[in-house]
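Novice: the following comprises the amino acid sequence and a computationally predicted model.
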Amino acid sequence: MFHNLDKLFRSKNTQHMINNAFMVLDNLYAKDLKYLNIQEYEYDYDIAVEELGLDSELIDQLLEDYVKQIINSKVIFIQHIERLKSDRVNRIKLNYTPLRDLAHKNLGVARNLRIGDAQKLLFGIMKDEDLNYISKYLDALIASAMILKPTCAYDTINLLNSENIL
């Protein structure tokens with residue numbers, strides 16, 4: 001189910017990771033997530049700077065913190081999704097609350113930083129009950145975070161891999 005994430009987290013270098021991230025997004029946005037209308041989305045620093053009244057250097061640092069947070073949350077998101085899948089197979093009432101709480105926490109950061117595509121993807125994770133679609137939202141969320149700050153994403157992934165967290 002998370003083969004897209006595996007590919008992204010095993011990239012050889014930053015450029016390879018970016019290429020893989022764009023491929024993942026192109027595939028998801030061409031079919032399953034086309035209705036979100038975020039295929040052409042590009043983050044606009046100027047909007048964040050103007051609306052938040054912060055300088056671009058601080059916005060840049062906050063974006064890096066956001067990317068680290070999304071990548072660090074990957075394992076927890078997957079654990080919640082896998083738990084829901086297991087509960088569904090075992091006919092246990094599904095409790096989406098932990099997954100939705102994590103998505104909501106990240107949605108607040110995405111809203112504050114005016115990251116439009118992440119807002120739609122996190123909202124999808126919060127509201128959808130189809131675990132296949134939730135997984136696709138997560139794939140797209142992580143790929144878009146990698147594109148937002150590639151060097152930061154790549155360094156964070158390497159750090160987590162060296163600590164055997166991913």
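Specialist: Thanks, I have it.
Novice: which elements pack onto the top helix by length along the chain?
Specialist: The residue-count maximum for a helix in the chain (DSSP state H) belongs to helix 56-89. Judged by 3 or more Cβ pairs under 8 Å, 6 or more residues apart in numbering; DSSP states H and E, the packing partners of helix 56-89 are helix 3-9, helix 45-52, helix 97-112, helix 116-127, helix 131-148, helix 150-162. C-beta coordinates here come from the backbone N, C-alpha and C atoms, glycine included.
Novice: need these in CSV with distance to residue 64, can you?
Specialist: Output for the helices and strands packed on helix 56-89, formatted as CSV (distance: least, Cβ to Cβ, whole Å):
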stretch, distance to residue 64
helix 3-9, 18
helix 45-52, 13
helix 97-112, 12
helix 116-127, 14
helix 131-148, 9
helix 150-162, 4
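Novice: about what we covered before: quick one, the longest helix of the chain and helix 150-162 angle?
Specialist: Angle of helix 56-89 versus helix 150-162, following axes from the mean of the first three to the mean of the last three Cα atoms, to 10 degrees, is 50 degrees.
Novice: list the buried residues in helix 56-89.
Specialist: By neighbour count with 16 or more other Cβ atoms under 10 Å, helix 56-89 contains the buried residues 59, 62-64, 66-68, 70-71, 73-74, 77-78, 80-81, 84.
Novice: any low-confidence regions in this protein?
Specialist: Residues of the chain that meet the criterion pLDDT under 70 lie in 1-4, 165-166.
Novice: which residue, other than its chain neighbours, is closest to the residue nearest the centre of it?
Specialist: Geometric centre of the chain, nearest residue: residue 141, 2.5 Å, by Cα atoms, centre = their mean. Of all residues not flanking residue 141 in the chain, residue 121 sits nearest, at 4.3 Å (Cβ to Cβ, 6 or more residues apart in numbering).
Novice: thought residue 143 was touching that neighbour, still the case?
Specialist: No - using Cβ atoms under 8 Å, residue 121 is not in contact with residue 143; the gap is 9.7 Å.
Novice: count of residues packed around residue 90?
Specialist: Close neighbours of residue 90, defined as other Cβ atoms under 10 Å, add up to 7.
Novice: circling back: quick one: the residue nearest to residue 141 and residue 128, what's the gap?
Specialist: Between residue 121 and residue 128 the distance is 10 Å, computed by Cβ to Cβ, to the nearest Å.
Novice: can you work out which residues contact both of the two?
Specialist: Common contact partners of residue 121 and residue 128 (Cβ atoms under 8 Å, 6 or more residues apart in numbering): residue 137.
Novice: more neighbours, those two?
Specialist: Each of residue 121 and residue 128 has its neighbours counted (other Cβ under 10 Å); residue 121 has more, 29 against 16.
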